[in-house]
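J.: build me a model from this:
(2 chains)
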Amino acid sequence: MNTVAVILAVLLALACVAIVARPFLREPTTEDDRLTDLPAAEQERLRLVEERDRALAALKELEFDHRTGKVSDDDYRELVGPLRHQAAQALRALEPRAAPGGRAVPREDVRA
Amino acid sequence: MPVEVRAGEDVLMPELGRAVLVVALGLLLYACVAGAVAAVRGRRRLLESARNALFASFGAVAVAAVVLLVALADHDFSVVYVAEHTSLELPLGYTLSAFWSGQEGSLLLWLLVLTGMGAAAVALNGRLTRDVLPWTVPILGGVATFFAFLLVFVASPFATAAAPADGAGLNPSLQNPYMLAHPPLLYLGYVGLTIPFAFAMAALASRRTDERWIVATRRWTLASWTFLGVAILLGAKWAYEEVGWGGWYAWDPVENAALMPWLVATAYLHSVMVQEKKNMLRVWNVVLVAGAFALSLFGTFLTRSGVINSIHSFTQSSIGAWFLAFIAVVIAASVTLILVRLRLLRSPTRLESLVSREAAFLYNNLFLVALALTILWGVVFPLVSEAVRGVALTVGAPYYNFFAIAFGLPLVLLMGIGPLVAWRRASLRALGKSLSWPAGVALTVGVILTLLGAGSSPAALVGYTFAAFVLAAIVLEFVRGTRARRALAGESWPSAFAGLVGRNRRRYGGYIVHASIVLLLVGAAGIGGFGKTTEAKLAPGEALRVGGYELTYLESGERRGANAIEARARFAVSRGGDELGTVSAGKNRYLAEEQVSNEVAIRSDWLRAEDVFVIVNQFDADGSVSVKALVNPLVNFIWLAGLVFLLGSVVTMWPDAREQRRLERRFAYAPA
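T.: Got it, this is the predicted structure:
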């Protein structure tokens, strides 16, 4: 094998090894090497936020469909009540919770 | 005559290429194994190390790609791949495009795109999918390891031999400008489907089946689907100009290989909206993502293995068995993972009504997947028949055309009905009111076209009527949406329109994509239903008539081109007594490749949206020529559809700062 090719390949391999070993070189010893999973409370918050966004989007969609004539007045009246209830429930479920870092859920977040 | 391998820097390059591929294989294997160990044992530094290996592998593969490009540009014929796919006379553009013209180069391109996209997707989604990432890295690493293994042990682009004085040249069919863009785009599409697959499977493996994997991969999926769609149309344009039979899509196995994952990805892009809005179809969506990925692998296998006879398959090789084994592993692993996590994927919501937007998406999915499976059966049937009966029976265009019409027309109809149906449920009265305008427009168009004589092709007539229905529905959607927004915000018509599209990019970009499919239908129905063909043997001065045009054969001659002898016959074109100029068609005889290609003449009339297409089948010694001439009505709508498709896709993918802020708030995790 050509010497220059060998040298170049070895240099590249060494650079790659340095990149791969970097986390261990940066922290040779560590008290906590565990992968931080999302806390259960945060997972629950995510689930509730998903539900809230889904409920609010459904309400927004219904309003728009009603305005554009895809949903009749009768259908709108029938559908809007349960959707509002669902959205209110989702909002209530999030209300007592503080957002990450202890801050309250921002109002614009609720409007989204 | 073979000559000795040149010593010095020419030898350096292939050896360096081989070495960096070995380094890349080592890195990817490490990313796969160390990543999996980190995920199972929950080791943070090991995961970071595996992720870094994935990043570094992109650098190593990029070096290998540069080495191959330099070898190509340098005409280093000691590299077997360069000697087999280029020649000294080949123009530089095609010399460099030989990178993806052969099997080994294509595999290298696959790996380059995969490691690049994989590294970018992991880097960009590190925060959003923090607890999914431990499994994303080993899955991406595992897929890439397979390709690196092939490149190192089975099909190396850096194999060397005694250098011949000149190379074998490039397949003449590939010496076409569209071939500079078609394969890379196709590979971007194929490879891009690995990203949603890796995140979806990682979400299952890590038991995090919430929406984050969908949000993280939304743009990657859209981009891959766009690349695949554009690549299919560029391939069709190439076939139209280069293969020279006068058509644009021949249901060739390799063409179908790209269409199948595109259809399944299209189904996914629709059904994922149902998951986002209603939390339904969660199992179906991961099945579609896995199916699209498996079909993209199958497409690469078909193109590269030579297992099926195709004009697009430029190789016969031994990688087929490896690919089949890998596809089997991917399918088995995906099915097992989905079954094991089925409980997590069960949807708490049910379909409320069969007349609703989500039901329309469901019907659309069934037709799209049925069409993809029908095509798949047509593609594999020759293999099955050969294995079972010992005879390779081929499946012809009538089979595909039948199912394309049977499943395609209802799909087109659904493109018009779906947007006009409300989510959850719609009363038939409201739906009837919404559909009355598009249906009225469609009926009017149908009657006018029948009166104009379009009934000679019933399938085309139905296609145009449906196309009018969909276009009217799309226009209605834009008008009603703009009017509603204007009434709500008191804006002018233009700003209400801009606001409507700007705030709902996915929906209205999607409608633009629907319009492109309508244009495609118009073009395909035009060329399929109303095309005209005439064949004749002409002496100088004689003429043939086709579809209102007259072609008079003037003369023929030969000239030396860049790397071929170009024989051309010249024809004067006229219509209704008006001279429209001349066209030249003939054949190229490639010197290094020792092959002959048809070089067709195409005269496009953009106002009439039709082409006069001339093929010279034979030059006779007495100066006469055997000519086939076609008039392809509305064919240019197909190419226009490509541009509109691209526009719609860009609108859909265009970043929305408001949406981005909303997602950032939604996924603002507590500090670790």
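
J.: now chain B against chain A: closest residue?
T.: When distances are taken as Cβ to the nearest Cβ, chain B approaches chain A most closely through residue B:19, which lies 3.3 Å from it. In this view, the C-beta of every residue, glycine as well, is placed from N, C-alpha and C.

J.: Three-state assignment for that residue, please.
T.: Recorded secondary structure, residue B:19: helix (DSSP: H, G, I helix; E, B strand; the rest coil).

J.: any stretches of chain A with poor pLDDT?
T.: Scanning chain A for pLDDT under 70 picks out A:1, A:96-112.

J.: can you pull out the helices in it?
T.: Listed in chain order, the helices found in chain A under DSSP state H are A:3-26, A:40-67, A:73-94, A:107-111.

J.: mind saving the C-alpha coords of the first one as PDB?
T.: By that I understand helix A:3-26. Once side chains and other backbone atoms are set aside, the C-alpha atoms of helix A:3-26 remain, and they are given as PDB (Å, rounded to 0.1, in the frame of the first residue of the first chain):
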ATOM      1  CA  THR A   3       2.900   5.100   2.200                       C
ATOM      2  CA  VAL A   4       1.300   8.500   1.700                       C
ATOM      3  CA  ALA A   5      -2.100   6.800   1.500                       C
ATOM      4  CA  VAL A   6      -1.400   4.900   4.700                       C
ATOM      5  CA  ILE A   7      -0.300   8.100   6.500                       C
ATOM      6  CA  LEU A   8      -3.400  10.000   5.300                       C
ATOM      7  CA  ALA A   9      -5.700   7.100   6.200                       C
ATOM      8  CA  VAL A  10      -4.100   6.800   9.600                       C
ATOM      9  CA  LEU A  11      -4.400  10.500  10.300                       C
ATOM     10  CA  LEU A  12      -8.100  10.400   9.300                       C
ATOM     11  CA  ALA A  13      -8.700   7.400  11.500                       C
ATOM     12  CA  LEU A  14      -6.900   9.100  14.400                       C
ATOM     13  CA  ALA A  15      -9.100  12.200  13.900                       C
ATOM     14  CA  CYS A  16     -12.200  10.000  13.900                       C
ATOM     15  CA  VAL A  17     -11.100   8.200  17.100                       C
ATOM     16  CA  ALA A  18     -10.600  11.500  18.800                       C
ATOM     17  CA  ILE A  19     -14.100  12.600  17.800                       C
ATOM     18  CA  VAL A  20     -15.600   9.300  19.000                       C
ATOM     19  CA  ALA A  21     -13.600   9.400  22.200                       C
ATOM     20  CA  ARG A  22     -14.300  13.000  23.000                       C
ATOM     21  CA  PRO A  23     -17.200  12.500  25.500                       C
ATOM     22  CA  PHE A  24     -14.900  10.200  27.500                       C
ATOM     23  CA  LEU A  25     -11.900  12.600  27.100                       C
ATOM     24  CA  ARG A  26     -14.000  15.600  28.200                       C
END
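
J.: same for that helix, what does it pack against?
T.: For helix A:3-26, the packing partners by 3 or more Cβ pairs under 8 Å, 6 or more residues apart in numbering or on different chains; DSSP states H and E come out as helix B:9-41, helix B:44-73.

J.: and the last one, how far from the chain's centre?
T.: Using Cα atoms, centre = their mean, to the nearest Å, the distance from the centre of helix B:44-73 to the centre of the chain it belongs to is 26 Å.

J.: what does the helix or strand that comes right after it contact?
T.: Under the assignment DSSP states H and E, the closest C-terminal helix or strand after helix B:44-73 is helix B:80-85. The contact list for helix B:80-85 (Cβ atoms under 8 Å, 6 or more residues apart in numbering or on different chains) reads B:68, B:71-72, B:75-77, B:98, B:101-102, B:104-105, B:157-161, B:163-164, B:167-170.

J.: among these, name the buried ones.
T.: When burial is judged by neighbour count using 16 or more other Cβ atoms under 10 Å in any protein chain shown, the buried members of the contacts of helix B:80-85 are B:68, B:71-72, B:75-77, B:98, B:101-102, B:104-105, B:157-158, B:160, B:163-164, B:167-170.

J.: can you sort out which of the residues you listed also neighbour chain A?
T.: Intersecting those with the contacts of chain A gives an empty set (criterion: Cβ under 8 Å from any Cβ of the partner chain).

J.: next step: the residues you listed restricted to strands.
T.: Counted as lying in strands by DSSP state E, out of these, is not a single one.

J.: could you report the separation of residue B:554 from residue B:576?
T.: Remark: distance between residue B:554 and residue B:576 (Cβ to Cβ, to the nearest Å) = 20 Å.

J.: do the same with residue B:633
T.: For residue B:633, the distance to residue B:576 equals 16 Å [Cβ to Cβ].

J.: with neighbour numbers in mind, choose between the two.
T.: Each of residue B:633 and residue B:576 had its neighbours counted (other Cβ atoms under 10 Å in any protein chain shown), and the higher figure belongs to residue B:633 (22 against 8).

J.: hmm, the more buried one is touching residue B:527, no?
T.: Yes - the pair formed by residue B:633 and residue B:527 meets the contact definition of Cβ atoms under 8 Å, at 6.6 Å.

J.: let me see the contact set for the most centrally placed residue in chain B.
T.: Computing the C-alpha centroid of chain B and ranking residues by Cα atoms, centre = their mean puts residue B:228 first, at 2.4 Å. Remark: with contacts taken as Cβ under 8 Å, 6+ apart, residue B:228 is in contact with B:185, B:186, B:189, B:190, B:192, B:193, B:258, B:261, B:262, B:265.
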